[in-house]
Structure formats: C-alpha cells, structure tokens
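Chemist: can you look at this prediction? I've put the sequence above it.
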Amino acid sequence: MTPLFSVRDLRKTYGGRIGCTDVSFDLYPGEVMGIVGESGSGKSTLLNCLAGHLAPDAGQVMYDTRHNGMVDTLRMAEPERRMLGRTDWAFVHQNARDGLRMSVSAGGNVGERLMAVGARHYGQIRAAATDWLERVEIDAGRIDDRPSAFSGGMQQRLQIARNLVTGPRLVFMDEPTGGLDVSVQARLLDLLRGLVRDMGLSAIIVTHDLAVVRLLADRLMVMKGGHVVESGLTDQVLDDPQHGYTQLLVSSVLQA
Amino acid sequence: MTQDTRSNFAYLDEQTKRMIRRALLKAMAIPGYQVPFASREMPMPYGWGTGGVQVSAACLTPDDTLKVIDQGADDTTNAVSIRKFFETTAGVATTERTAAASIIQTRHRIPEEPLKAGQILVYQVPIPEPLRFLEPRETETRKMHALQDYGLMHVKLYEDIARHGNIATSYAYPVKVQGRYVMDPSPIPKFDNPKLRMAAIQLFGAGREQRIYAIPPFSDVVSLDFDDHPFEPSKANHACTLCGAEHTYLDEVIVDDAGGRMFVCSDTDYCATRQAAGTASPQTAPSQPHEAQP
C-alpha cells in the first residue's frame, strides 16, 4: 500500500528560532493522525507548512495526486497548489470566522468551492449546498442566513460542510473543537467521526485536547519545541507514554 | 476654439501624457488587465472623472472632436464642466453628436448609436476592481487575477439569486474579456453590456485608484452568469415619452408631486436626433425592433 501523503525532513525556522524541524511521517489512505503538544510546540506551524499556507525552509511534502501520482507539493506551481487546496484537500480552521465568508450566506459559503472549480449551474450548486447542510445537521431552511446569525457550533459545522463539498481525500484540521463548550464539542466530534468513516477521509488533526485524538485519531505524534518527541498508535502512546514530556502531558489531564 | 496658453496642450505636461500612453498601450495589449499608472492631481475632485480626463488628455490631438456625456446626457454638470475644461486647455472642437465625435468621454453609459472604427470611448471609472467588495485585499485580488481564480465572482451572483430570485446586479455587471480577465465595465447599466463588443476602442481610467484598462475593437466580452440563470440586459418596460423609442435605455423622471412620471431616453443626443427626424410622439411612432444582441 502506498501512502497518500508523505513528509520528509520538514523544517521551518523563524529567523534563529525553530518553528518545527526534522519532521517525517507517512499517512495512508483512510488514516487519521493527531498532532498534540503544548502551545508554541510548533504544531500549527507544521500544519500550515503541510497545507501549503507557509513555505518550509527544507524538506519534502509528497502527495499522491489523482492524475500524476506522487508529487512534491512544495515544488508545484501556485495554480496547481490552489486547485489541490480546494478539490482534494480541505482545511478546517480553529475559528470558523477564518474559514468562512461572514458576509455571504451559508449556501454561498458551501457553494464557493464548487464555483471555484467551475460549477455554473445555480440549481445544482444549491442542491449540493442543501444536501451538505443536512449532512452536518444544519436545518436546510437556514441556507440563506449568514454565518453571523449562527451559533459557534453551527459555524464550525458549516465550515466543515464548506470544506467537504468537493469530496476531498485529505483534511487538515487546526483545533476543530477549540472554543466550543463540551456538549457541542461532543456532537461535533461525533459528526466528524461519522464523516471521516463514511467518506474514507484521511485527516491530520492538530489539537491540545487528548480526548479529541483519543476519539478520532488512529495515530499520534507528540511535539515539543519544534521536534517530534514521540509517535505511535494513539492508544499505545496515551496508555504507555515513553517520553518524559508525553508522560507529563498524559498525567496533566483533569479527571472530571 | 482657441487654446488658453497658460497650460500645455490638454493641461497635462508631455511627460505625463507619455506615461499615460504607455499604460494605454499596455492595457490594449492585455485586454481587461488593470495597468497601474501614476495618476496626477487634476483641477477637479476625485469622483468627477479625473481618470477619464487624464486618459482623454493623453489621447487628444488638436484635430480631434470631443463629446462628453454624463449618464447619457450632454447637458449635465459633469459633462459641461469637462467639455469646458478641454475647450479651454486644448482648444479642440466639441460636439454633442455621437457620430461627429472622434473621442467620447463617458460616465455610466454607452451611446445608443453604434460607434465606428476610428472613434475612442473613454470611461470614467470609480472602482476598477470587480472583486473589491468580495475581497478587500489588493494583494489577494491581484493574485486572483493572475491565477484566473474567479470563483468568487460567481458567489456574488449566487447571493443575488438566493436573495432576490434573479441576478439583481443591474449596473457594473462583471464581464470576462477575451476569455481571460474579469473586468468591471464601470457603472454602466447591464443593458449596455452587449454593446461592449464594438468597432471603437474603449479605454477605462480610474484616477483615484490609479488604474487604466482597455477593450480593443471587437474583443469578446462575455457577461458572467449561470447556466440556469442566463445574463439578461434589462431596461424599464416603456417607450420614450419624447421620441417613442422602445429599444433605448430610459431614465425615469418625476414630473410632479402627485406620482406623475415619464420615461425618456437617457441618451439625449440620440433622442433629440430622433425627434428632429420626425419619429417623435409615442402614439404615432412605429415600434422599433430590438437591436440584435451579438
């Protein structure tokens, strides 16, 4: 089996400071990988480098494209990378505001990716938007409401619908449940788990919430100071942490 | 008409005109592309057509005949003051007749009478960037133009249909030129959009925003739309009260305080010509067939 996404020796520095360094991993189709670590450990830097939002200083980010096989996305032309970013890839931001157009209706938000790749039939765009709103449990009657009229949880679900409408194969998520209260978090996680399983998505989830990775991720990478200090199967890492920092992280979780 | 010798011909100095002509040539070479230029202070406020005036000044020769229209009319403040400005600074002949003009500076309209090869139509443009209200960052809109990343433009049209049931954008309707650049045709009514493919040269100047763009003769200009909501040029469903024309763009004029109103051609020269030719009176006027849209 060939990996869908393959990263080798990725490094990003901000002047003399390290963003992340020596990151290598393979992600296979249908696999969900969690990246955990404290604030400033380089997980968001890493995610942005992987998704093409930041240019890394060194390394390779290989992706198995539908037509040309394994391609280094860092050496891709900008139009190709943009196209990839709105067809095969998706990016879910921590703040739904960053990933949505707040002045455009929910239907327009979901339809934007379709129109960006050439959909020019209003009826079909609207039907796809309606379908996706229902799949993320938003009442189809709210299709013409703006996201600013939605609750935080609904905004986050709308952002997910907007990203998944083009049927991506790889989803990057940056703290998808951050800033939501626990009951909304649980519902969102449930929804995400269902979508990931149904669509056979591969995903890379950055979070500091160990419960989220326990629920969603097959594999785990623990980061500290820009380095990957431990990686392995989620249950293995969380139940039998080897590195000192991982042990600290696991033991810091509050028991309700 | 004699030129006021206190300024250079057509007000701008020769180096400035040369700079603008360079921008114009580049704009003609890349239809629909917004070329930055070093817009000058003009002796009139921004919003009064400083961009169009600079383009006209760069194009004018002493042999030219100038026509200036504002919303189709020759006799409104903006048109009168710009015409006077060039009469004074360039001493060129001016006219109100579309066919007699070699350069026509316009605001918000294309003349009804089809323009011929050899004529130049200069538009005054307030906001040249069609993506501006969707994406406020200039760096990002430039990138979108460079990469032909125009999905966002359809999001605007989608919102129109979702909210109003049809594409409610009725002026400054976005077009794609020669299958490449999406362009704002300046705030002309969408009724005029089909006329953008024409024999004359069309130049667009935005003074405050410092951009020049152009449509060379007979370029393909396509109004953006959806397959199931095609573009439709629209006008008031009336005939002109003065000349009876049914195929022209009309202004609605309130005539009293009791709800009385009439519809008249916005193109004053076209309307006056028809009245003089005796086609007047809506009762007797023969119904004109709609112009074939290319």
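Modeler: Ah, there it is.

Chemist: in contact with the residue of chain A found nearest chain B, which residues?
Modeler: The nearest approach of chain A to chain B comes at A:Ala116, 2.9 Å away (Cβ to the nearest Cβ). Where C-beta positions appear, they are placed from N, C-alpha and C, glycine not excepted. By Cβ atoms under 8 Å, 6 or more residues apart in numbering or on different chains, the contact set of A:Ala116 is A:86, B:149, B:151-152.

Chemist: keep only those of those that are in strands.
Modeler: Here DSSP state E is the test, and the contacts of A:Ala116 give no hits in strands at all.

Chemist: which among those gets closest to B:Gln124?
Modeler: For the contacts of A:Ala116, the closest approach to B:Gln124 (Cβ to Cβ) belongs to B:Leu152, at 25.6 Å.

Chemist: so that closest one makes contact with B:Pro136?
Modeler: No - using Cβ atoms under 8 Å as the test, B:Leu152 is too far from B:Pro136 to be in contact (11.9 Å).

Chemist: so for the two, which sits in the more crowded spot?
Modeler: A count of neighbours by other Cβ atoms under 10 Å in any protein chain shown puts B:Leu152 above the other of B:Leu152 and B:Pro136, at 21 against 10.

Chemist: which element is the nearest residue to that one once chain neighbours are set aside on?
Modeler: Closest residue in space to B:Leu152, ignoring its immediate chain neighbours: B:Leu134 at 4.9 Å, by Cβ to Cβ, 6 or more residues apart in numbering or on different chains. Using DSSP states H and E, B:Leu134 sits within no helix or strand.

Chemist: need the contact list for B:His108.
Modeler: Contacts of B:His108 by Cβ under 8 Å, 6+ apart are B:70-72, B:171, B:186-189.

Chemist: at 10 Å instead, please
Modeler: Neighbouring residues of B:His108 by Cβ atoms under 10 Å, 6 or more residues apart in numbering or on different chains: B:69-73, B:78, B:123-124, B:126, B:171-172, B:186-189, B:192, B:266.

Chemist: buried subset of those residues?
Modeler: Buried members of those, counted by 16 or more other Cβ atoms under 10 Å in any protein chain shown: B:69-73, B:78, B:123-124, B:126, B:172, B:186-189, B:192, B:266.

Chemist: now, which of those residues sits nearest chain A?
Modeler: Distance to chain A, by Cβ to the nearest Cβ, is smallest for B:Ala172 among these, at 18.0 Å.

Chemist: before we move on, back to that, tell me the pLDDT of the residue of chain A closest to chain B.
Modeler: Here, the pLDDT recorded for A:Ala116 equals 92.

Chemist: would you put the C-alpha positions of stretch B:64-82 in CSV?
Modeler: Output of stretch B:64-82 as CSV, limited to C-alpha atoms (Å, rounded to 0.1, in the frame of the first residue of the first chain):
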residue,chain,number,x,y,z
ASP,B,64,-10.0,65.8,-32.5
THR,B,65,-13.6,66.5,-31.9
LEU,B,66,-14.7,65.8,-28.3
LYS,B,67,-18.0,64.8,-26.9
VAL,B,68,-18.6,64.4,-23.2
ILE,B,69,-21.6,62.6,-21.7
ASP,B,70,-22.7,62.0,-18.1
GLN,B,71,-25.4,59.4,-17.6
GLY,B,72,-26.1,59.7,-21.4
ALA,B,73,-26.7,63.4,-21.2
ASP,B,74,-24.6,66.2,-22.8
ASP,B,75,-26.0,68.9,-20.6
THR,B,76,-25.4,67.8,-17.1
THR,B,77,-22.9,69.5,-14.7
ASN,B,78,-20.1,66.9,-15.1
ALA,B,79,-20.3,66.7,-18.9
VAL,B,80,-20.5,70.5,-19.3
SER,B,81,-17.5,71.2,-17.0
ILE,B,82,-15.3,68.6,-18.5
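
Chemist: hang on, the earlier thing: shouldn't the residue nearest to B:Leu152 be in contact with A:Val104?
Modeler: Yes - between B:Leu134 and A:Val104 there is a contact under Cβ atoms under 10 Å: 8.3 Å.

Chemist: between these two, which one's more packed in?
Modeler: Neighbour comparison, B:Leu134 and A:Val104: the larger count goes to A:Val104, with 21 against 17 (by other Cβ under 10 Å).

Chemist: helix or strand: which one has B:Ser219?
Modeler: Here B:Ser219 sits in a region with no helix or strand, counting by DSSP H and E.

Chemist: run a quick neighbour tally on it.
Modeler: By other Cβ under 10 Å, the residues close to B:Ser219 number 17.

Chemist: what does chain B put close to chain A?
Modeler: Proximity of chain B to chain A, by Cβ under 10 Å from any Cβ of the partner chain, involves residues B:133-135, B:143-144, B:146-163, B:167, B:224-229.

Chemist: one more pass at 7 Å, please.
Modeler: Contact residues, chain B versus chain A (Cβ under 7 Å from any Cβ of the partner chain): B:147, B:149, B:151, B:154-155, B:158-159, B:161-163, B:226-229.
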